[in-house]
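> A structural model of the following input is requested.
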Amino acid sequence: MDIAVADRLQFAFTIMFHYLFPIGTMGLAPFIAWYTWRGAKGDAEAAAAAAFWTKIFAINFAAGVVTGMPMEFQFGTNWAAFSAKTGGVIGQPLAMEGAFAFFLESIFLGILLYGKARVSPRAHAFAASMVCLGSWLSGFFIVATDAWMQHPVGYAVAAGGRIEMASLWAVLTSPFALWQYAHVMTAALLAGGFSVAGIGAYYLLSDRVHAIGRRFVRAGTIVGAICSVLVVFPTGDRNGNDIATYQPVKLAAMEGLFASTKGAPLAIVGMPDTRDRSLLDPIFVPDLLSFLAYGNARANVNGLTAYATELWPPVEVTYYAYHVMVGLGTIFGAISGLALLLLIWGGRLYRARWLLWLLLLVMPFPYIANEAGWTVTEVGRQPWIVYGLMRTAAGASPNVSGGETIFTLIGFAGMYFLLGVLFLYLTLREIGNGPAVAHE
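Model prediction:
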């Protein structure tokens, strides 16, 4: 097997498995901070809720640390050429993530877990806020690194072709990075909101801890409804505009648009056929793609055939991942909007068992949507590892064979299966135990 393909498969598997856990920590951290501050003010139910979600957070955090370490090593083992050429740029935000974000999060998580009896309630609540800040800072530095690979700025090419940092500020404050970060964090918070609402629905359906169950359903529904809007506009819209401006071939693949078109339609459904270069059995919204991409319903949108085929990303994967993300996002908006309506309408949501079941069953799907979104981002960038500067095939380590990489991939699959089973066992055990509320 080609070494670059093997390296990509291994990195894709390890990073997609790993990212399940940061979604949980980034999505739950604001809820933990909120409930901990409420608990510090004497709200016993909020304190119990904070303790419950802190345990879930800690399990996610531990699994994220374990699964994140192999990716750091892969930069040296599998992607040595990429690291040697671009390390002067990507090394700085990645180092800042470890020094400023990870240590902040981990230190204050220790206080949050074990320091309640040793610090004041306000200090304990402050620790929860710092855990939230650390998890969101960690996300920022990682996204800023990836955004530079999507749209490189603030760099200079030195003698020998090595890419060096010219402006760290430009890298960290690139509009591409800021909108991508806003979109990623909104999507993570959406997953957190649906998780909180779903667990609350489980407690109401199982006739347990009713007061906390209602609080979870209310908080998760409100956050889920707000984020269902924000993930589309402005964050998704602005991120999409950046793709249209800087990565137009990715946009064409996302929409299965083969021929350049004025007044390009938006494909709701369809099946891309790269052999015949057409979208099979499509359902279109006329002119909408042109309007969303360029603010003009009659603007020209370049199709895939406007570019050399060697510059095309894997069209089918990019197209289907994008439509899975958008389709699920539409479903989330409908469910959370209906739940919010029933919540406002005399609290009928708490008695609508069919909708509580829906909130419970939909919990895994925001994670799928997050993974699909990252698939669009990374697969759609191909064949570039740094867009316009370095091809993915040129970044692989020359002294590692494809067979070695596949062998270690099999090992990772086995270890991660065991880790996944352990994670589910610990998480479901905590959910089964439930929040400990003295008066219930």
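
> can we go C-alpha only for contacts and neighbour counts from here?
Fine.

> from the chain's centre, how far out does stretch 297-305 sit?
With CA atoms, centre = their mean, to the nearest Å as the basis, stretch 297-305 stands 29 Å off its chain's centre.

> show me what that stretch is in contact with.
The contact list for stretch 297-305, computed with CA atoms under 8 Å, 6 or more residues apart in numbering, reads 248-249, 252-253, 257-264, 287-291, 312.

> would you map the helices across the stretch 201-350 of the chain?
210-230, 235-246, 248-255, 288-294, 315-344 (DSSP state H, counting those that start in this stretch).

> ok, Tyr367 touching Phe21?
No - counting by CA atoms under 8 Å, Tyr367 sits too far from Phe21 to count as a contact (9.6 Å).

> between these two, what contacts are shared?
Applying CA under 8 Å, 6+ apart, one finds that no residue jointly contacts Tyr367 and Phe21.

> do a quick rundown of the strands in the stretch 51-200 of the chain.
Residue ranges of the strands in the stretch 51-200 of the chain, as given by DSSP state E, counting those that start in this stretch, are 155-157, 163-165.

> quick one: residues in contact with the first one.
So that's strand 155-157. 89, 163-167.

> now render these as JSON lines, adding distance to Gly395, pLDDT and neighbour count.
What follows is the contacts of strand 155-157, written out as JSON lines (distance: CA to CA, whole Å; pLDDT from 0 to 100; neighbours: other CA atoms under 10 Å):
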{"residue": "Val89", "distance to Gly395": "15", "pLDDT": "95", "neighbour count": "25"}
{"residue": "Ile163", "distance to Gly395": "13", "pLDDT": "94", "neighbour count": "19"}
{"residue": "Glu164", "distance to Gly395": "16", "pLDDT": "94", "neighbour count": "17"}
{"residue": "Met165", "distance to Gly395": "18", "pLDDT": "94", "neighbour count": "21"}
{"residue": "Ala166", "distance to Gly395": "21", "pLDDT": "94", "neighbour count": "15"}
{"residue": "Ser167", "distance to Gly395": "23", "pLDDT": "95", "neighbour count": "13"}
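
> hang on, the earlier thing: now render the strands of the stretch 51-200 of the chain as JSON lines, adding distance to Leu426.
Shown next, in JSON lines, are these (distance: least, CA to CA, whole Å):
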{"stretch": "strand 155-157", "distance to Leu426": "45"}
{"stretch": "strand 163-165", "distance to Leu426": "43"}
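
> show me the one of those strands that comes nearest Leu338.
Closest of the strands of the stretch 51-200 of the chain to Leu338 is strand 155-157, at 47.5 Å (criterion: CA to CA).

> which non-adjacent residue is nearest Ala267?
Phe284 (4.7 Å; CA to CA, 6 or more residues apart in numbering).

> and that neighbour, what is it in contact with?
Contacts were defined as CA under 8 Å, 6+ apart; by that measure Phe284 touches 265-269.

> among those, the buried ones, what's the PyMOL command?
Only the buried entries of those go into this PyMOL selection, using 16 or more other CA atoms under 10 Å:
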select buried, resi 265+266+267+269
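
> list the contacts of stretch 368-387.
For stretch 368-387, the external contacting residues (CA under 8 Å, 6+ apart) are 16, 19-20, 148-152, 184, 187-188, 247, 250, 253-254, 310-315, 317-319, 321-322, 324-326, 328-329, 390-393, 395.

> filter these down to the buried ones, ChimeraX style.
In ChimeraX, a selection of the buried entries from the contacts of stretch 368-387 looks like this (16+ other CA under 10 Å):
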select :16,19,20,148,149,150,151,152,184,187,188,247,250,253,254,312,313,314,315,317,318,319,321,322,324,325,326,328,329,390,392,393,395
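
> any idea how far Arg218 is from Ala40?
When distance is defined by CA to CA, to the nearest Å, Ala40 is 21 Å away from Arg218.

> for Pro248, same thing?
In terms of CA to CA, Pro248 sits 41 Å off from Arg218.

> compare those two (neighbour count), which wins?
Arg218 (24 against 19; other CA atoms under 10 Å).

> tell me how many other residues crowd Thr405.
Neighbour count for Thr405, taken as other CA under 10 Å: 23.

> shouldn't it be in contact with Arg8?
No - look at Thr405 against Arg8 with CA under 8 Å: they stay out of range, at 9.7 Å.

> where in the protein is pLDDT low?
For the chain, the stretches flagged by pLDDT under 70 are 437-440.

> without its sequence neighbours, what residue ends up closest to Gly68?
Per CA to CA, 6+ apart, closest to Gly68 is His18, 6.0 Å.

> what angle separates the helix or strand where that neighbour lies from helix 210-230?
Using DSSP states H and E, His18 falls within helix 3-40. Computed with axes from the mean of the first three to the mean of the last three CA atoms, to 10 degrees, the direction of helix 3-40 lies at 130 degrees from that of helix 210-230.

> go through helix 3-40 and flag the buried ones.
3-8, 10-12, 14, 16-40.

> could you do stretch 426-434 as well?
427, 430-431, 434.

> residues in contact with that stretch?
52, 55-56, 59, 199, 209.

> one more pass at 10 Å, please.
Residues from elsewhere that reach stretch 426-434, judged by CA atoms under 10 Å, 6 or more residues apart in numbering: 48-49, 52-53, 55-60, 199, 202-203, 208-209, 212-213, 420-425.

> these in helices, which ones?
Among the contacts of stretch 426-434, the members found in helices (DSSP state H) are 48-49, 52-53, 55-60, 199, 202-203, 212-213, 420-425.

> does Pro366 touch Leu190 like I think?
Yes - counting by CA atoms under 10 Å, Leu190 is a contact partner of Pro366 at 7.1 Å.

> cheers, nothing more for now.
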